[in-house]
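Participant: Give me coordinates for this.
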Amino acid sequence: MAHLKLTIDDFYSNDFELIAIHTTIEDYKLAYLINRILELSLSKNQKDICIQSNNETGFFPWFYFDDDKHDLIWNLVANKTVVAKSNTSIGLFDEDNVTFHLIPELKKADYLLKIENLDDHFNTQLVVNKIIEINQVSTCYIADVDAIKSINNLIF
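Facilitator: Numbering: from 1, shown residues only. Next up is the predicted model:
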């Protein structure tokens, strides 16, 4: 009798695009501007994305929109968060702040826009071009998903 062996790669599908966004504005303001320019309805998820690494836990704000009309799922998530790391030393300054990244390979990106359930007709570059039109966005580009080692952090 033959045995069937399943690996994580059997469940992983690359039917999404990841757009890296560089901006200094707050997450809710970016979600509002993206909603306006792309005609979406991103709304803040009640639970933040929680990633644990090296005894530190990072919580990343997450905005979500399920586009039934086009059968797409839009996720806007912060790529950076500040974690207070407490020290055992006694003194005036006994806490250090550590910046924690959702995707360490994209450290310079402030936010990530993940678009799921794509087909061959979807034009991701058009989305990038519209986001770049936002005055507060410094730059925006399509990230190479195949080069990201921490891709499992995008499963939410």
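Participant: Near residue 40, how many other residues are there?
Facilitator: The criterion is other Cβ atoms under 10 Å. On that basis, residue 40 has 16 neighbouring residues. C-betas here are computed from N, CA, C, even on glycine.
Participant: Contact partners for it?
Facilitator: For residue 40, the residues meeting the contact criterion (Cβ atoms under 8 Å, 6 or more residues apart in numbering) are 34, 65, 67, 74.
Participant: What backbone torsions are found at the first one?
Facilitator: So the one you mean is residue 34. Residue 34 has phi and psi values of phi -70, psi -40 when expressed as degrees, to the nearest 10.
Participant: how many other residues sit next to it?
Facilitator: Neighbourhood size, residue 34 [other Cβ under 10 Å]: 24.
Participant: what about the helices in the protein?
Facilitator: Here the chain has its helices, by DSSP state H, at 8-11, 27-38, 124-132.
Participant: circling back: now the contacts of residue 40 as JSON lines including pLDDT and distance to residue 129?
Facilitator: Formatted as JSON lines, the entries for the contacts of residue 40 read as follows, by pLDDT from 0 to 100; distance: Cβ to Cβ, whole Å:
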{"residue": "34", "pLDDT": "97", "distance to residue 129": "13"}
{"residue": "65", "pLDDT": "97", "distance to residue 129": "20"}
{"residue": "67", "pLDDT": "93", "distance to residue 129": "19"}
{"residue": "74", "pLDDT": "96", "distance to residue 129": "17"}
